[in-house]
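>>> When you get a sec, could you give me coordinates for this:
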Amino acid sequence: MLKKVIGWLTIRNETIRQGLAEALSTFILMVIGQGSVAQVVIGKNSFGDFLSINLGFGLGVMLGIHVAGGISEALIDYTGGTLTVEGPTGTANIFATYPSPYMSTLGGFINEFITTAVLLIGILAINDLKNAGALPGTHALSVGLLVAVIGMSLGMNTGYAINPSRDLPPRIFTAVAGWGLEVFSASNNWWWVPVVAPMLGSLLGIFIYNIFIDFHNRPRLDGSRKPDCEGDESVEQRL
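Below is the predicted model:
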């Protein structure tokens, strides 16, 4: 009987299975990452700091990779029952990213653009078996540490969305959960930056890694090895 029930519940469509895995993976990332932000904001730095946020998202990414491969009463107490986007008790930044007050929209766009490019370069390097890729079984940890390091070095200016799915769905949630449409108009209509900049930045990261590393590190079509250094005589020259 148990086998029959398991058989009925088993999804064999590959696309649906991948979608469910990605959904659960993203859920784990959001719970751990945004939970770390909530503890810092609501706890007024008594239960963490900027480092703990970065570690939270880094470890959240790690666990999310392993998985794929509501609001507490404390929030109501902190805000006094009024959910605001900005100000001394603003809490919308728990869920989505907003730029620091000193950042312009253009400066924030460039920051997210470059940060995402760095992320993609790191991910490609970690998974490049032709290069010095990560050891088997350590890819999730390596990517998690990469995200944490990016947050510690480049996350202060914009909150480092570096992924549209990390920012837009939670922002939509806050819009319908009580924060209102100000989550889209705040910070000079910032909402589109963490959606567009990461997509373009990822293309830049892929381009840079391919141009500087990957294109020059592939096996030749004739099966010959690459020269050990620039001074080595090529196969064609020897022939």
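
>>> mind listing the helices for the chain?
Per DSSP state H, the chain carries helices over the ranges 2-9, 14-42, 50-68, 73-79, 105-126, 139-154, 164-174, 182-189, 193-212, 235-238.

>>> Select, out of the ones you listed, the one closest to Y98.
helix 182-189 (5.2 Å; Cβ to Cβ). (Each C-beta comes from the backbone N, C-alpha and C, glycine too.)

>>> How about the contacts made by the spatially closest residue to V41 that is not a sequence neighbour?
Nearest in space to V41, with sequence neighbours left out and distances taken as Cβ to Cβ, 6 or more residues apart in numbering, is I94 at 5.6 Å. With contact set as Cβ atoms under 8 Å, 6 or more residues apart in numbering, I94 has these partners: 34, 37-38, 41-42, 75.

>>> Could I get those residues in a markdown table, plus columns for pLDDT, distance to P136 and neighbour count?
Compiled in a markdown table, those are given as follows (pLDDT from 0 to 100; distance: Cβ to Cβ, whole Å; neighbours: other Cβ atoms under 10 Å):
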| residue | pLDDT | distance to P136 | neighbour count |
| --- | --- | --- | --- |
| Q34 | 76 | 31 | 20 |
| V37 | 83 | 33 | 20 |
| A38 | 80 | 35 | 23 |
| V41 | 80 | 38 | 20 |
| I42 | 77 | 40 | 18 |
| L75 | 58 | 41 | 17 |
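
>>> if I look at the residue nearest to V41, how far off is A134?
Remark: distance between I94 and A134 (Cβ to Cβ, to the nearest Å) = 31 Å.

>>> What pLDDT is listed against the spatially closest residue to N163 that is not a sequence neighbour?
The shortest distance from N163 to any residue other than its chain neighbours is 5.7 Å, reached at P198 (Cβ to Cβ, 6+ apart). pLDDT recorded at P198 is 96.
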